[in-house]
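> Provided below are the primary sequence and the corresponding predicted coordinates.
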Amino acid sequence: MALTGRAGLITALGAAGVLFAPRPGYAVLGLLMLLAALVVVDLLLAGGVRPLRFQRGGERLVRLGESVTVELIAENPGRRRVRGTLRDAWPPSAGAGPRHLRLDVPAGERRRLVTTLTPSRRGDREAVTITVRSLGPLGLAARQGSHRVPWTVRVLPPFLSRKHLPAKLSKLRELEGRHPALVRGQGTEFDSLREYVVGDDVRSIDWRASARRADVVVRTWRPERDRRVLIVLDTGRTAAGRVGTSPIPLPPEPDRHAPASLLPPAGEPDRHLTASRLPPAVRPARPANAIPAGWPRLDWSMDAALLLSALATRAGDRVDFLAHDRAVRAWMSGGSRTDSLSALVNVMAPIEAELVEADSASMVAAILARAKRRCLVVLLTDLNPAAMDEGLLPVLPQLASRHVVLVAAVADPRVAEMASGRGTAEQVYDAAAAEHLRGERARLTARLRRHGAAVVDALPDDLAPALADAYLALKAAGRL
Amino acid sequence: MVIFGLLVIVLAALAALITGTSTDGRRLDPADSTLTGSKALAQILRQRGVRIERVSTIDDVVRLDGPGTQLLVSGSSFLSLDEITSLSRAQADLLVVGPVRGLSTLAPGITATSEAAVRSREPRCDLPAAVHAGNAYLGGAAFTVPARSTGCYPGADGPSLVRSSGSRTVTVVGDGGFMTNQRLAEDGNAALAVNLAGARPVLIWLVPPDASQVIPGSGQATLGELIPVGVPWAVLQLVIALLVVAFWRGRRLGPVVVERLPVVVRAAETAEGRGRLYRARRARDRASATLRAACVSRLTPRLGLSGDATPDQIIAATALRSGQDAVWVRSVLYGLIPADDAGLVALAGHLDTLERQVREP
């Protein structure tokens, strides 16, 4: 049950009557009873909410940053017309609109209502409840009730780096020799034998084959194909850190909490540890001088992984995907080449960063268990010295001995900005702190390289193309 | 809603204005300054040295009763018959004004026989109080005149003022209009009233008990007593309306949707936190060492030196490339810890300069 503004208006206007009534006490009582009677009548005459039947239809997938419509068909099997408002409730980050829908379904008919979703973050968004408020004919009171009509819309990673794909593909074609390029189309993998024609490199003559035939035969080469690329996504606490500026406009956030001080407790410079102790639903308030929070490292990493995956699939390699923090979060074994990208996008969509320290030993064990053949392991993580020293570095040799390891990390543009700060003492102190971090990162990169891993450390926007270039370079060098 | 609220306020104010300007006074009350009151008379009497005791209970009357007093009764509907009887036994002289219940008890022998119009009348008697006053605004009732009594201001059926003198003087007046504030200034009303009421040094003026102990217009009423009866009820009605509106606005359309949100932690907070710690501790040693190390690590590849070059090699190469004095280069790259924040800022500037000069010799 719900009352309307009209009921309030009538009651308030009654106050004027009470003022002039000869017996105001009775007038108040009488008005109250009148209102109650009208409300009861209105409630009895309002269309029933419970018997309404709902069906959903529409899209189930949407790319982050795009809008999608979900339709709701309301059927009224009752004998009275149902007129009022309907709220199709979705989680806030689903960006559902409009908030309230007008509902007017005559008895025995059905109506179609459309909700537009503009999600502001990745993951699965489930419809919560449908609440209907059915007004009575007097418009004084309404019946109210809820229905659950499940529907899930999966918000996929936006794959913003696909704009780099044509450029990288043309590079790949150069490698393969199909492109009318200046680079000679020579790969490292044996392709086939053919007859010698004038101009062929004499070094590529296969003497053994020539001996079997009357003709001179040369070997042809092509870039390696059918290699395996295993993309490993670290979903530990470091993946939650926000970096750069979010390419997806965030919804205006009603910040009700007073901005709390973000100063970490003394002696604990690592903010991530502080954040990891908070329950996941608690959002630390932003500082007053709010710099936009950016996009999680995880999402930047996913973007780079998608470009790499698209490129590797075209290059004829097989792409597997593993997400891991303390346990395997997601695993996708690259099957058919045609839909591996969409399958990957689907697997990535619900992954969120867990606020736990990643367990590198178990990650390496998971990789070794899954990748029997030699493959390129692309490890998307953060170059965080504290986490790496005890995590990845001790187990890296184990991995590097069997696979080619490429570590890719998102650098923070804010750190570079801080490092260039000059002028006041505060800025110089910040610059020193930023240089400290960069120095640690550089030392860590050097150590990783010494262990035989290739390292890509790039700013958020450059990570995807840089990773693709690193992959192409490895491919060209025949190291896969 | 705003318009509606204003409407309610205007209506309430209007109603308060209409009902609040009541002219109802307490008739013949010595404390009432409205047209029907008698405050003017009371003041004249006080100026003439008469002590006026305004009472409304029999107990007060009995307490004040005694020789040299006069009791003025202008209404007795609030008294029981027993109380009227006890009034009749009082020693004080009695002045009965207007139609009064139990007149036969108060003034034995004097009865009202018929109605008489209230108008200006002549005394037509030898009662000094009336004769000196002259014409007065009287009427109301025509009385019988018992023996040893004087009747004045007669109409067709009898006098409208009768005074009988026995053990106590009892004066009965048919109408009190001449004593009101409205009429006191007309004819000889004031003189008659003063003559009648001021005959004794003490006047016990019996008035009906106050309903609220306050007389409108007396200036003693509190705001609450001035508010019409309907207003609190209207306020109650508005409170009910408020509750209805609160229920209207408070009823949520469906439950609150909760969502598990990811944490928002900027990755740079680690570096920013470290910067604040440096700042808080004024850690110039660490800050300068870090800045110098970063600068050197950037310079060495540019100078074509390996990572394990000695400081002397670096200084020499840098001085050669930048054209700066080697001593200065040493002081910048490997010098002392800056003594203050200004020194640190200057050091950062010098490092930048050196780097730029190496980059663009």
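Nice, I can see it. Numbers count the residues shown, from 1 in each chain, chains lettered A, B, ... in the order given.
> where does chain B have low pLDDT?
B:1-8, B:10-24, B:211-220 (pLDDT under 70).
> Give me the phi and psi angles of A:T85.
phi -120, psi 150 (degrees, to the nearest 10).
> What confidence value was assigned to it?
Looking at A:T85, its pLDDT reads 94.
> Dig out what it forms beta bridges with.
A:R102, A:R133 (DSSP bridges).
> mind giving me the domain split of chain B?
Here the domain parsing of chain B from automatic domain parsing is B:24-210, B:267-359.
> Name the stretch among these that sits most buried.
Highest mean neighbour count among the domains of chain B (mean count of other CB atoms under 10 Å in any protein chain shown): domain B:24-210, with a mean of 19. Any C-beta I mention is one placed from the backbone N, CA and C, and that applies to glycine too.
> and after the worst-scoring helix or strand of chain A on mean pLDDT, which helix or strand comes next?
Sorting the helices and strands of chain A by mean pLDDT, DSSP states H and E puts helix A:271-277 at the bottom, at a mean of 38. Sequence-wise, the next helix or strand downstream of helix A:271-277 (DSSP states H and E) is strand A:295-296.
> What is the subsequent helix or strand relative to that next one?
Next element after strand A:295-296 (DSSP H and E): helix A:297-314.
> Give me the buried stretch members for that next one, please.
Under the neighbour-count criterion of 16 or more other CB atoms under 10 Å in any protein chain shown, helix A:297-314 has A:297-313 buried.
> so which of those also contact chain B?
A:R297 (CB under 8 Å from any CB of the partner chain).
> quick one, what contacts the most centrally placed residue in chain A?
Residue closest to the average C-alpha location in chain A (CA atoms, centre = their mean): A:R122, at 3.6 Å. A:R122 makes contacts with A:L64, A:V155, A:L156, A:P157, A:D299, A:M348, A:A349, A:P350, as judged by CB atoms under 8 Å, 6 or more residues apart in numbering or on different chains.
> swap in B:A287?
For B:A287, the contact set (CB under 8 Å, 6+ apart) comprises A:V428, A:Y429, A:A432, A:A433, B:Y278, B:L344.
> Go through those residues and name the one nearest B:E272.
Distance to B:E272, by CB to CB, is smallest for A:A433 among the contacts of B:A287, at 7.3 Å.
> any idea how far A:G30 is from A:A37?
Noted for A:G30: a distance of 10 Å to A:A37, by CB to CB, to the nearest Å.
> Those two: which has the busier surroundings?
A:G30 (15 against 10; other CB atoms under 10 Å in any protein chain shown).
> Next, the contact list for that one, please.
No residues are in contact with A:G30 under the rule CB under 8 Å, 6+ apart.
> Determine the three-state secondary structure at it.
Classification of A:G30 using DSSP: H, G, I helix; E, B strand; the rest coil returns helix.
> Next, the buried residues of the helix or strand hosting A:Y26.
A:Y26 belongs to helix A:24-45 when assigned by DSSP H and E. By neighbour count with 16+ other CB under 10 Å, helix A:24-45 contains the buried residues A:P24, A:A27, A:V28, A:L31, A:L32, A:L35, A:L38, A:V39, A:D42, A:L43.
> Mean confidence (pLDDT) on that helix, please.
Rounded mean pLDDT across helix A:24-45 is 93.
> what lines up beside the following helix or strand past it in the sheet?
Moving toward the C-terminus from helix A:24-45, the next helix or strand (DSSP H and E) is strand A:53-58. Each strand paired with strand A:53-58, and its direction, by DSSP bridges: strand A:68-75 (antiparallel).
> For the partner strand, the averaged confidence score.
In the prediction, strand A:68-75 has an average pLDDT of 94.
> Give me the residues contacting it.
Here strand A:68-75 has contacts from A:52-59, A:61-62, A:82, A:86, A:88, A:103, A:105, A:109-118, A:127, A:130, A:132, A:149, A:151, A:153, using CB under 8 Å, 6+ apart.
> Please produce a PyMOL select command covering the buried subset of the residues you listed.
Here is the PyMOL selection string for the buried members of those, based on 16+ other CB under 10 Å:
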select buried, chain A and resi 52+54+56+62+82+86+88+103+105+111+113+115+117+118+127+130+132+149+151+153
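> Go through the chain and flag its longest helix.
Using chain A here. The helix spanning the most residues in chain A, taking DSSP state H as the definition, is helix A:425-450.
> switch to chain B, that's the one I care about
Chain B, longest helix under DSSP H: helix B:230-250.
> Any part of the next helix or strand after that helix near chain A?
Once helix B:230-250 ends, the next helix or strand along the chain (criterion: DSSP H and E) is strand B:265-266. Yes: applying CB under 8 Å from any CB, one finds strand B:265-266 touching chain A at B:V265, B:R266.
> next structured bit after strand B:265-266?
helix B:269-281.
> got the residues of the stretch 1-150 of chain A near chain B?
Going by CB under 8 Å from any CB, the residues of the stretch 1-150 of chain A near chain B are A:2-5, A:7-9, A:11-16, A:18-21, A:24-25, A:27-28, A:31-32, A:35, A:85, A:87, A:89-93, A:100, A:121, A:128-131, A:133, A:144, A:146.
> Drop anything exposed from those.
A:2-4, A:7-9, A:11-16, A:18-21, A:24, A:27-28, A:31-32, A:35, A:85, A:87, A:89-93, A:121, A:128-131, A:133, A:144, A:146.
> and those residues, which of them are in strands?
A:A2, A:L3, A:T85, A:R87, A:I130, A:T131, A:R133, A:Q144, A:S146 (DSSP state E).
> of those, closest to chain B?
Within these, distances to chain B taken as CB to the nearest CB reach their minimum at A:T131, with 3.1 Å.
> which ones are touching the residue lying closest to that closest one once chain neighbours are set aside?
Once flanking residues are discounted, A:T131 sits nearest to B:G254: 3.1 Å by CB to CB, 6 or more residues apart in numbering or on different chains. Each residue near B:G254 by CB under 8 Å, 6+ apart is listed here: A:R87, A:A89, A:V128, A:T129, A:I130, A:T131, A:S146.
> From A:G5, how far off is the spatially closest residue to the fourth one that is not a sequence neighbour?
Once flanking residues are discounted, A:T129 sits nearest to A:S146: 4.6 Å by CB to CB, 6+ apart. Noted for A:S146: a distance of 22 Å to A:G5, by CB to CB.
> now B:L336: how far from B:T310?
20 Å.
> tell me the strands in the stretch 351-480 of chain A, going along the chain?
A:376-381, A:404-410, A:454-458 (DSSP state E, counting those that start in this stretch).
> can you redo these as JSON lines with mean pLDDT, mean neighbour count and distance to chain B?
Converted to JSON lines, the strands of the stretch 351-480 of chain A look like this (pLDDT from 0 to 100; neighbours: other CB atoms under 10 Å in any protein chain shown; distance: least, CB to the nearest CB, whole Å):
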{"stretch": "strand A:376-381", "mean pLDDT": "94", "mean neighbour count": "27", "distance to chain B": "13"}
{"stretch": "strand A:404-410", "mean pLDDT": "94", "mean neighbour count": "25", "distance to chain B": "8"}
{"stretch": "strand A:454-458", "mean pLDDT": "94", "mean neighbour count": "20", "distance to chain B": "13"}
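> Please render those strands as a markdown table that adds distance to A:E71 to the earlier fields.
What follows is the strands of the stretch 351-480 of chain A, written out as a markdown table (distance: least, CB to CB, whole Å):
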| stretch | distance to A:E71 |
| --- | --- |
| strand A:376-381 | 38 |
| strand A:404-410 | 39 |
| strand A:454-458 | 42 |
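> Of all these, which one is nearest A:G391?
Using CB to CB, the nearest of those to A:G391 is strand A:376-381, at 8.8 Å.
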